[in-house]
Each structure stands twice: as C-alpha cells, then as structure tokens.
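K.L.:
Model the following, please.
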Amino acid sequence: MSFDVVVIGYGYAGAVAAIEAHDAGAHVLLLEKMAAPGGISICSAGGVRIAYDAEDALDYLEATNAGTTPTKVLRQLAEGMVELPDRMRALARVSGARVEVRPAKGNYPFRGHESFGFAMVEDVPGFSSEAAYPNVKGSAAGARLFKVVEDNVRERGIEVRLETGARRLLTDGERRVTGVDAGEPLHAGAVVLACGGFEADPEMQKQFWPSKPVLSAAFRGNTGDGIRMAQALGAGLWHMWHYHGSYGFRHPDPSYPFGIRTKRLPDWLPGDAPRDDVRMPWILLDRDGRRFMNEYEPYLQDTGHRPLERFRPEVQDYARLPAWLVADEAGRRLYPFGQPTYNEPGQCFEWSDDNLAEVELGILQRAENLDGLARGLSVSRARLDATLERWNRGCERRRDEDFGRPAPSMAPLIEPPFYFGRVWPIVSNTQGGPVHDERQRVLDAFGDPIAGLYACGELGSVFGHLYLSGGNLAECFVGGRIAGREAAGA
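P.N.:
Prediction:
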C-alpha cells in the first residue's frame, strides 16, 4: 500500500494534519490503534487558545517556557494562534457549527498575558455528545470540537483505519522515512506522528519522573509509541519531565483504569482579586499530618501534582505519596469532590453529588470525631490538633500565612463527622517527546531534521516549564496544520 502521507493518531492533531495534507493535494491515510477515534483530545475542555497579538503572545510563551523551546518554534505557535479563529470557523462550516471567541488572560501575569483568548465550538445543530460518543466522559465542548474535525475528515473522504497500531517506521536505509509498519508495510512520502504522549506508560514514566505512581486521568491508548518510533531513528527528546496534571483519587476497584481528579475550580490570576464565590472545602496533609501546599494553586490542573513529588532523603521516603485530603461535614455537602473523565469502552463511573457513595466505595473514609480522624490518618491527636487549629485560625483571619491560598476559598474544618481520602498525582497528558522545529520536522539528537518525519500535538509539545491552558489544543491545530502541509510537500 502506498500513500503520500500517513498520519499516526486520530485526535485533534492527527485529524488536522490529515485534513491539511489532503487539502494540499496529498493522498492521505489516517491510522488509529484504538477501536474509536478521539484519544485524549475528546476528553479536553474544548477551549482552543487564540491570541490577538503575535508579539505579545510570543513574549508570554518565552517567559513561561523559561528557555526550553527555541524562539522560532514559539513564534510559529504565536502567529498561528492569531489565525486560529478564522481557521476554526472554516472547519466549523462543514458541521454547521458555531464558534465563539472570547478574551481570557494567560494563567500567570507575565508580559503579554492579556493578549490571549479562547475559541470554542458552542453549538453543533442536532449533535448530542452522549449519543455520538457514549464511551467518553468529559466536557461537551471537547466533544463538539472533535465532532467538527471528524466531520471534516469524513467530508474529504480521507481513508481512516481504526484498530491499526503503528509498530516501526520504515526507512530507505539512509534514515529517510518511507512509511510505517502497521502489521503490513504502508509506504509513504512522509509520516506525521500525532499519537500523543506517554501518560498510560508507567515504565517510561519511571525513567523520567521522580514520583511513582502517577495515575492517568482519562485514556489508555497513549503509551509512548510515537516517542519510541522517533527514538529508533535518533530523534532528540525534550520536555520529558513536564506533564499536565493535578492530584486526585484512586478507585478501589483495580479494574477501574484511571485516577479521578478533584473537582475543577476556576483558575485565578496572581495579583488579581480572586473570585469571592469559590470555596474549596478540603486541605491536604502529608503522612505526618502537616499541610504542605496551597491546595488551590493559580492553575491547579497543571501544577497541582508538583508539591506531592518531594522525596525526603532524611527518611528515604515520599511523605506525600499518597497525601491525605481532609474535609468536614459542611464541606462534604458543598459539591462532589471528584470529577471523573475517560475515553474508555465499558466505563460508567459517576461521582455522587453528596460524596456519600464514595464513602461506601472506600474512596473516602469517615471519622465521627477528631480522635477517629487522627487514627485514620495514623497521626497523633496533638499533631492533628495543631494543624487544624492553625488552619481554622487562618480561616477566621481570612489569611493563609503558610502557602498563600486565596482567602475566599478557605473553609474551616470544624463540623463532624470528618472525611478523608488518599490522593495521588494525576496526569492528564504529557508534554515530552521528540524535538521538532518550526516546520514540525522531527530533529535528531544533533539538531538535524530526520527526512520525511513530522510530529505535532502533545507528542513533543513546545511547553517545557509552565503550561498555558488550552495551549495543547492550539498546538494540535497550529502544529497539525503545519505538519500536514509540510508532509504533503515532502
């Protein structure tokens, strides 16, 4: 079988790359190893980062990447973000969908942070995410966005093969990529790797991440396949330590394959007044019974896992793996603590509105009084009293003097019974993978392009220090478009 371009991975990035390559005149094959398309993309919040000014956006991206990504690569993304609203509207026309754009600052107050916004598919006539994607639990906006790109793939008649995993890249003997082994040789003028990262590969994580285990939040298909295929041809790697994630719970049923993130609360910008209507009813304690972090960091979904990772050499242990989430009866009634997401056949787990079903399951435990809570946490009553007294005093004063948690979010822990549960680092998606240049060409360990090989999306993301919410989605559309166009001309 022979094609001009083979794209590996059918999420946002792979779909966009296939669309762009097709529109450039290429004969395209789109491969997906799972039984249904969507990958981790379809579980996303659906907000694609756009920019109003490329230079301002570049300033922000430079600051948040802290020298880990070349300026030329970041500039390409910044310029592409400016063009994204028009590009998304063009794709949406195939589905009769409506795209809305709204301003939304970057997550941190670096120069240029006011230049950003979100583009979202707000409506697809006659579309039901539950009916169209019954195995997916995530954001309806993410499903609508995937519906739009899937309709575009279908409209163009691009050949799609599901349950077809790529094994190895084919070369001409001089390291030029000539196709892929997917159970049979599929020859191509170029290959685009768009098969995500390694959030479902514990073995790779062990070699690059300090904390273990880290629980995957949503998808079992991203096992580092594209990274290994690129490595086999000498690709350089970047950003392998950086993953997008927070903290959350482990389901007691070993057949449940995912971690469960805590409820997502609105992000807040350092320096701006936080919203006064957002409360977080829990604190986190280490195994000694002490608080160790701001439980509500500005962009908790990206950095919330990091404080759990500290190794204590003096005791040769991770004192925060797992950590304890602790709340009281008033907090238990406030809202569901957990927010499951997944793209997985056969799963149907819903977190209860009052958190009581999770007590019955054992995800949370109940203590009738502080003596029982101390026993459950395996800490002394004196240690627990000291921690709670300091926290409750801070709530009275509306000031967290230890970690700077926003005052409106602080809720005292005074009303029994008390609730507690183990929490672990949760990975939503990884950022590491093969290095690419501004043309999305995969580079070897010496910075030279590997002929015929391109990468886009979260497979070797540009984000190497602090993430920009919606930035991976922007990469899928900007980088996917560039990779598809370049591959078609290879």
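K.L.:
okay, CA-based contacts and neighbour counts for the rest of this
P.N.:
Noted.
K.L.:
Surely residue 101 is in a strand?
P.N.:
Yes - counting by DSSP: H, G, I helix; E, B strand; the rest coil, residue 101 falls inside a strand.
K.L.:
what's the burial count for it?
P.N.:
Residues near residue 101, counting by other C-alpha atoms under 10 Å, number 16.
K.L.:
With residue 315 instead?
P.N.:
8.
K.L.:
Quick one: the helices in the protein, in order.
P.N.:
12-23, 54-65, 71-92, 129-132, 140-155, 202-208, 225-231, 300-303, 329-332, 356-361, 370-377, 381-397, 471-488 (DSSP state H).
K.L.:
Remind me what the first one packs against, helices and strands.
P.N.:
For helix 12-23, the packing partners by 3 or more C-alpha pairs under 8 Å, 6 or more residues apart in numbering; DSSP states H and E come out as strand 2-8, strand 28-31, helix 140-155, strand 185-193, helix 471-488.
K.L.:
repeat that for 10 Å
P.N.:
If you count contacts as 3 or more C-alpha pairs under 10 Å, 6 or more residues apart in numbering; DSSP states H and E, helix 12-23 packs onto strand 2-8, strand 28-31, helix 140-155, strand 159-161, strand 185-193, strand 449-455, helix 471-488.
K.L.:
wait, which of the ones you listed is closest to residue 336?
P.N.:
Residue 336 sits nearest to helix 140-155 of all the helices and strands packed on helix 12-23, at 18.7 Å, using C-alpha to C-alpha.
K.L.:
next one: the closest one to chain centre, how far?
P.N.:
Computed by C-alpha atoms, centre = their mean, to the nearest Å, the chain-centroid distance of helix 140-155 equals 19 Å.
K.L.:
Which residues belonging to it are considered buried?
P.N.:
Under the neighbour-count criterion of 16 or more other C-alpha atoms under 10 Å, helix 140-155 has 140-153 buried.
K.L.:
Report all helices and strands that it contacts.
P.N.:
Helix 140-155 is packed against helix 12-23, helix 71-92, strand 116-123, helix 129-132, strand 159-161, with contacts defined by 3+ C-alpha pairs under 10 Å, 6+ apart.
K.L.:
returning to what we had before: for the helices and strands packed on helix 12-23, give me CSV that also has distance to residue 412 and mean pLDDT.
P.N.:
Shown next, in CSV, are those (distance: least, C-alpha to C-alpha, whole Å; pLDDT from 0 to 100):
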stretch, distance to residue 412, mean pLDDT
strand 2-8, 50, 98
strand 28-31, 52, 98
helix 140-155, 34, 98
strand 159-161, 54, 98
strand 185-193, 49, 98
strand 449-455, 48, 98
helix 471-488, 35, 98
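K.L.:
Mean neighbour count, the helices and strands packed on helix 140-155: which tops it?
P.N.:
Among the helices and strands packed on helix 140-155, helix 12-23 has the highest mean neighbour count (mean count of other C-alpha atoms under 10 Å), at a mean of 30.
K.L.:
could I have it exported to PDB, CA atoms only?
P.N.:
Extracted in PDB, the C-alpha atoms of helix 12-23 (Å, rounded to 0.1, in the frame of the first residue of the first chain):
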ATOM      1  CA  TYR A  12      -7.300  16.700  17.100                       C
ATOM      2  CA  ALA A  13      -3.700  17.000  15.900                       C
ATOM      3  CA  GLY A  14      -3.900  13.900  13.600                       C
ATOM      4  CA  ALA A  15      -7.200  15.000  12.200                       C
ATOM      5  CA  VAL A  16      -6.000  18.500  11.400                       C
ATOM      6  CA  ALA A  17      -2.700  17.200   9.900                       C
ATOM      7  CA  ALA A  18      -4.700  14.800   7.700                       C
ATOM      8  CA  ILE A  19      -7.100  17.500   6.600                       C
ATOM      9  CA  GLU A  20      -4.300  19.900   5.700                       C
ATOM     10  CA  ALA A  21      -2.300  17.300   3.800                       C
ATOM     11  CA  HIS A  22      -5.400  16.300   1.900                       C
ATOM     12  CA  ASP A  23      -6.200  19.900   1.000                       C
END
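K.L.:
quick check: mean pLDDT across that helix?
P.N.:
Taken as a whole, helix 12-23 has an average pLDDT of 98.
K.L.:
Please spell out which residues along stretch 266-273 are buried.
P.N.:
Using 16+ other C-alpha under 10 Å as the test for burial, stretch 266-273 gives 267, 268.
K.L.:
OK, contacts around residue 298?
P.N.:
In this structure, residue 298 makes contact with 107, 108, 266, 267, 268, 269, 270, 274, 304, 405, 406, judged by C-alpha atoms under 10 Å, 6 or more residues apart in numbering.
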